[in-house]
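**Student:** Take a look and give me a structure for this.
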Amino acid sequence: MRPMLRLLSLFFLAAMIATPARALPAPLSDGELLEKSDLVALVRVLSVTCTSVTKDERTGEDLPGYLAKLQVLEVKKGDAKPGDTVLVTWRAIPKQMVGPWTVYYYPGEEVWTHLLKRSGGVTYASTWWNAKGTDVKAPETTELPTQIGQSVVMTSRP
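**Tutor:** Now for the predicted structure:
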């Protein structure tokens, strides 16, 4: 009986090792983020609007798409100037998914971020999953809208 348990344990261990890993890709270094980004700036998040809701094929979960309006405060790279506003889009990911595969922006937050221009050059997207630094100023809320057309707007003024 004992050799059978040992054999089953080895089989179970081998099966666990053979499963594909669900790890995040490596974060980009500061230099890589700077090189790959069209805009590197300290921004203040003025508002976040839910622009779409799509059902995830695997989970069936409703996943909102977002558009954030960011006010540029300082620029390290790019053609924006302090006082300009830029638009950033992203899509939520399923709750059970491992890792921060997408970058969220929250009203009132002030943060350094690395952005890529989307086709057409009107909106931006985060350069990579670690494109947003730690908050310079914490957000007023981390609650985001879930219905198309709803917005959460920064309430305090600097």
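**Student:** The most centrally placed residue in the chain: helix or strand, and which one exactly?
**Tutor:** The chain has residue 103 as the residue nearest its centroid, 1.0 Å off, counting by Cα atoms, centre = their mean. Using DSSP states H and E, residue 103 maps to neither a helix nor a strand.
**Student:** Tell me the confidence at it?
**Tutor:** Listed pLDDT for residue 103 reads 95.
**Student:** repeat for the one 4 residues further on
**Tutor:** Predicted confidence (pLDDT) at residue 107: the value is 97.
**Student:** With residue 2 instead?
**Tutor:** At residue 2, the pLDDT value in this model is 52.
**Student:** one step back: make sure the residue nearest to the centre of the chain is actually in contact with residue 90.
**Tutor:** Yes: counting by Cβ atoms under 8 Å, residue 103 touches residue 90, with 6.2 Å between them. C-beta coordinates here come from the backbone N, C-alpha and C atoms, glycine included.
**Student:** Find residues that contact each of these two.
**Tutor:** Here residue 103 and residue 90 have residue 126 as joint contacts, going by Cβ atoms under 8 Å, 6 or more residues apart in numbering.
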